[in-house]
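okay, sequence plus prediction incoming.
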Amino acid sequence: MLRTLISTFLAGIFGTAKAAGPVDLAPPWIIAHRGASGYAIEHTVEAYAKAHAQGADFIEQDVVLTRDGIPIVLHDLYLELATDVAERFPDRAREDGHYYAIDFNWEEIRQLEKQPSRNPLTGMTRYPDRYSGAVAGRVMSLAESLELIDGLNRKSGREVGIFPELKMPGFHAVEGYDIGEATLQVLRQYGYLDGDSNFYLQSFDPKVLQQMRNQYGNQLRLVQLIGENHWLEAEGTDFEAMRSSEGLDRVARYADAIGPHWPQLLRSSEWMPVEPDNERLDPEWEGDNTSMVSGTLVEAAHARSLKVFTFTLRREGLPRWIGFEALHLKLFVDLKVDGIFTDYPDQSKKIRDGVFRRVGEEN
């Protein structure tokens, strides 16, 4: 059924196929965060199709595993945060109340309907003003998402790349699964390991990235995501230390890029958001626009030949002293990041293209 929906989207958007051709990948790149997730429910056919049509250079996939070891595209380990699993399988939660994707096989998960993502602390929809008229869709496997993007590329003549993220490798290992190898098997099946393919593989967990580098050498482009320590994204990882000179030296031995949370690029003093998606901001941060002066992390990364892809730009939840466009200008022009993850690919692309068109005209 999902393949039929994919075919319908492709026919509706593009009609007759065109010859394939490379996309212009001159940085800074626009990376569609879970697709065009500002307009459509994340990680759905609609979200990916919109992101592609809006001119994204890459589309991000979050990857977790099912009980039968199938990589699926889902941001969280828990199904209840983005699907109707509690209605369809009310007795399948663990003792902690969560419905783990890894406790369901693929045939069960493909029955679920996607829903707007919910806050794990409150259970409320994160962005209630989004998604008016959006298509709910189903959970996609990683393979289905790659087939969708390949079809969109062939129909459009563009070559949009992918940015898969390995979610919680440590959790999967405890459950007896190797999420890295399972993901790479799918990427290999679709030709992403055959040569100079248009993809980056990312994770917060340095151990899995080091393992990938040791096993696959330069076949992979690896991105070390850098979060905040209180997010608990990778057990035993000190992200604050990772941003130090010594930490970046270590990262440069196995990664090709870093993916820092964007406030880390703008602050010269310590600050922690209450929520990783910036829904609520520390009052001191909101009042301190002098903390915008620090560009040392980008400079330090570039000095070590590490690209910098920062996450996540969205209109919601920004500090009062900086707007959506001003944040882009700061990142693109002043800090010279190599790419941004954005919920609004069309708006971010418009700002980027406007900036570099003006720069070209001035030169």
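Now that the structure is in, tell me what you want to look at.

hey, let's count contacts and neighbours off CA atoms from now on
Noted.

kindly format the C-alpha coordinates of stretch 147-155 as PDB.
In PDB, the C-alpha atoms belonging to stretch 147-155 read as follows (Å, rounded to 0.1, in the frame of the first residue of the first chain):
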ATOM      1  CA  GLU A 147      13.100   4.100  -2.900                       C
ATOM      2  CA  LEU A 148      10.900   7.200  -2.500                       C
ATOM      3  CA  ILE A 149      13.900   9.500  -2.700                       C
ATOM      4  CA  ASP A 150      15.400   7.600  -5.600                       C
ATOM      5  CA  GLY A 151      12.100   7.900  -7.400                       C
ATOM      6  CA  LEU A 152      11.900  11.600  -6.700                       C
ATOM      7  CA  ASN A 153      15.400  12.100  -8.000                       C
ATOM      8  CA  ARG A 154      14.800  10.100 -11.200                       C
ATOM      9  CA  LYS A 155      11.500  12.000 -11.900                       C
END
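
what residues of it count as buried?
In terms of neighbour count (16 or more other CA atoms under 10 Å), stretch 147-155 has its buried residues at 148-155.

what average pLDDT does it get?
Mean pLDDT, computed over stretch 147-155, is 98.

what of stretch 65-82?
When pLDDT is averaged along stretch 65-82, the result is 98.

ditto for stretch 39-57
In this model, stretch 39-57 has an average pLDDT of 97.

between the buried residues of stretch 147-155, which is closest to residue 245?
Compare each of the buried residues of stretch 147-155 with residue 245 using CA to CA and the shortest gap goes to residue 149, at 37.6 Å.

check for me that that closest one belongs to a helix.
Yes - counting by DSSP: H, G, I helix; E, B strand; the rest coil, one finds residue 149 located in a helix.

hmm, it is touching residue 160, no?
Yes - with contact defined as CA atoms under 8 Å, residue 149 counts as touching residue 160 (7.4 Å).

which neighbours do the two share?
Counting by CA atoms under 8 Å, 6 or more residues apart in numbering, the residues touching both residue 149 and residue 160 are residue 52.

how deep is the nearest residue to residue 134 once chain neighbours are set aside tucked in, by neighbour count?
Take residue 134 and drop its neighbours on the chain: the residue closest to it by CA to CA, 6 or more residues apart in numbering is residue 40, 5.5 Å away. Residue 40: 27 surrounding residues under other CA atoms under 10 Å.

OK, contacts around residue 40?
46-47, 50, 130-131, 134-135.

which members of these are classed as buried?
In terms of neighbour count (16+ other CA under 10 Å), the buried residues within the contacts of residue 40 are 46-47, 50, 131.

on that earlier part again, from the buried residues of stretch 147-155, which is closest to residue 320?
Nearest to residue 320, judged by CA to CA, of the buried residues of stretch 147-155 is residue 149 at 36.5 Å.

now the buried residues of stretch 147-155 in JSON lines, with distance to residue 182?
JSON lines is the format used below for these (distance: CA to CA, whole Å):
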{"residue": "148", "distance to residue 182": "19"}
{"residue": "149", "distance to residue 182": "20"}
{"residue": "150", "distance to residue 182": "20"}
{"residue": "151", "distance to residue 182": "23"}
{"residue": "152", "distance to residue 182": "24"}
{"residue": "153", "distance to residue 182": "24"}
{"residue": "154", "distance to residue 182": "26"}
{"residue": "155", "distance to residue 182": "28"}
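
just those now: which is nearest residue 54?
Closest approach to residue 54 among the buried residues of stretch 147-155 (CA to CA): residue 152, at 12.0 Å.

wait, a helix at that closest one?
Yes - checked against three-state DSSP, residue 152 lies within a helix.

I figured it hits residue 49, correct?
Yes - distance between residue 152 and residue 49: 7.4 Å, which falls inside the contact criterion (CA under 8 Å).

so residue 264 sits in a strand?
No - assigned with three-state DSSP, residue 264 falls outside any strand and is helix.

and residue 62, what is it in contact with?
34, 73-75, 164-167.

among those residues, which lie within strands?
Secondary structure assignment by DSSP state E places 73, 164-166 of those in strands.

possible to save the residues you listed as TSV with neighbour count?
TSV is the format used below for these (neighbours: other CA atoms under 10 Å):
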residue	neighbour count
73	25
164	22
165	23
166	24
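
of all the residues you listed, which comes closest to residue 299?
Sorting these by distance to residue 299 puts residue 165 at the head of the list, at 24.5 Å, by CA to CA.

was I right to think the closest one contacts residue 203?
Yes - Residue 165 sits in contact with residue 203 when judged by CA under 8 Å, with a separation of 5.4 Å.
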